[in-house]
Every structure is written in C-alpha cells, then in structure tokens.
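Student: model this:
(one chain, ligands or ions: 1)
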Amino acid sequence: MQQAFVPAGPGRARVAVLISGRGSNMAALLAAAADPAYPAEVVLVLANKAGAAGLETARAAGVATAVVESRGFKGDRAGFEAAMQAELDRHGVELVALAGFMRVLTEGFVFSWFGRLVNIHPSLLPSFPGLETHERALAAGVRLHGCTVHLVSPGVDEGPILAQAAVPVLADDDADSLAARVLAQEHRLYPAALAWLAAGRVRLEGGRALVVADGAQGALANPLP
Ligand code: GAR
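Tutor: Sure, this is the predicted structure:
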C-alpha cells in the first residue's frame, strides 16, 4: 500500500487553501488549524479572484494570502498554474486543499500534486460531479445527499474518496435549504479528512484511499471516527 502523503517530520504539514469565493470551508480549516494539536497549519490562502470574499477572512486571521488572477491567463492554463506553483513554492507548501476553487486543473498540475491535493465537493460522489449539485439532487429525487472530500485525480470531481457525510433530502427542501444542510456537514468533514491526510494516515490501494485508524497500526477507520 502506498502512503498518499508522508509527513516530512514531527512538525505540522504546511497547507495552502485555494478559493474562488466565500471561503466558508477555508474558514473551517483555519478554525481547526488554530489548535496547535491539529496536524496541519494553513500557511497560504490563494485565490484566483482578487474579489474572493474569503481573502478578507484569511487576512483577518493573520494568514498569508496571494491572488493569481485566472482572468489574466485566458487560454493559458499552464501559465496560470505555473504562477500558482510559484506561490506554493514560495510558501513551502506541502499539501493543497481546494475549497470552492472553481477552476479545472490540468493533468500536469494534478499529477505533480497527486496524493497531496484534496477537494471538497457538495454531493455524494460519484453522483452529481460538476455544478448545481443541489438542484440536480432535488430533480433526481434522491433521498440522501451530502458532500465528499477526495484526493484529486484528472477529471472533474474525480479521485479517491477520503470521507463522505450524508444528509436527508426533505420533502419541502429547495436548493438553498439543502445546500445549507450540506454545508454544515462540509465544515465538519473537511477538517477531519485533511487531518488524516496531514498525519500520514491515508493509504492508496488500487483506486481507493484507506484511512488508517489513529494509534491502531493496520486497522482501517471508516469515517467519521
Ligand atoms: C462549497 O459548497 C464547496 O463544496 C463547493 O463550493 C462551495 C464553496 O463554498 N465546491 C465545488 O462545487 C467544487 N466542485 P465556500 O467558498 O463557502 O467554502
């Protein structure tokens, strides 16, 4: 079994959170990482839009921020990613957490970060990849919906699943009420899943990610503990 991320030493893993907007998942990660016992520290919040509201939250929390405007790289995804990579290098980033980052990354970038690049998506993957997940869940009439944290593979919202949380779909839900119920779970799930990865507890086997239980060598935890 291959280990997804191997911690460099006893220190905390250095994480960049990539955002495009509101940044509520980023805020949940910052809150978790405020505890010195959390195995990751957020060393950079990077946005692809200068107007991303989450940047203000990050600055207020005293976290370094960077903006790499995707608009400035029209048709040049490799150039955009090279500029992002330069920021990641500058801050000594070891793990990248996508949190509402609404740009599709190239295969080259994804492969270079494989096992160290995570995403949160507002559906129970592999159902409803892409956009408007809550609208599509309602239209499909599913009774359970939720969110997924996964390692990123090439392909939109694809890659080995680290953790999922399910919520009921209620008869009188609209997209907003359903989104709010899912978002509350996202804020719980993402810090937990990132902690497992940062602590070196994630193994890859075939196309799957397995989480090794805390303190029990060889035992596997089926999230959430
Ligand atoms: C979250 O619901 C996240 O799961 C979703 O965007 C929202 C961002 O909110 N991500 C995707 O749809 C990616 N495919 P936030 O900026 O408040 O964290």
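Student: Mind telling me what element whatever residue of the chain ends up closest to the ligand is part of?
Tutor: Nearest to the ligand, among the residues of the chain, is residue 100, at 2.6 Å (C-beta to the nearest ligand atom). Every C-beta, even on glycine, is put in place using the N, C-alpha and C of the backbone. In the assignment (DSSP states H and E), residue 100 maps to no helix and no strand.
Student: same question, residue 147
Tutor: strand 144-151.
Student: for residue 10, same thing?
Tutor: Applying DSSP H and E, one finds residue 10 in no helix or strand.
Student: and the gap between it and residue 142?
Tutor: 44 Å (C-beta to C-beta, to the nearest Å).
Student: residues in contact with stretch 120-139?
Tutor: Applying C-beta atoms under 8 Å, 6 or more residues apart in numbering, the contact partners of stretch 120-139 are 25, 97-100, 140, 142, 144-150, 156-158, 161, 164, 166, 169, 173-176, 178-179, 182-183, 186, 189-190.
Student: Among those, name the buried ones.
Tutor: Buried members of the contacts of stretch 120-139, counted by 16 or more other C-beta atoms under 10 Å: 25, 97-100, 145-150, 157-158, 161, 164, 169, 173, 178-179, 182-183, 186, 189-190.
Student: The residue of the chain closest to the ligand is in contact with residue 27, isn't it?
Tutor: No - if you go by C-beta atoms under 8 Å, residue 100 and residue 27 don't touch, sitting 10.9 Å apart.
Student: quick one: common contacting residues for the two?
Tutor: residue 54.
Student: list the helices and strands the lengthiest helix in the chain packs on?
Tutor: Longest helix in the chain by number of residues (criterion: DSSP state H): helix 175-198. Contact analysis of helix 175-198 by 3 or more C-beta pairs under 8 Å, 6 or more residues apart in numbering; DSSP states H and E lists strand 13-19, helix 24-33, strand 40-47, strand 95-98, strand 117-121, helix 133-140, strand 144-151, strand 161-168 as its packing neighbours.
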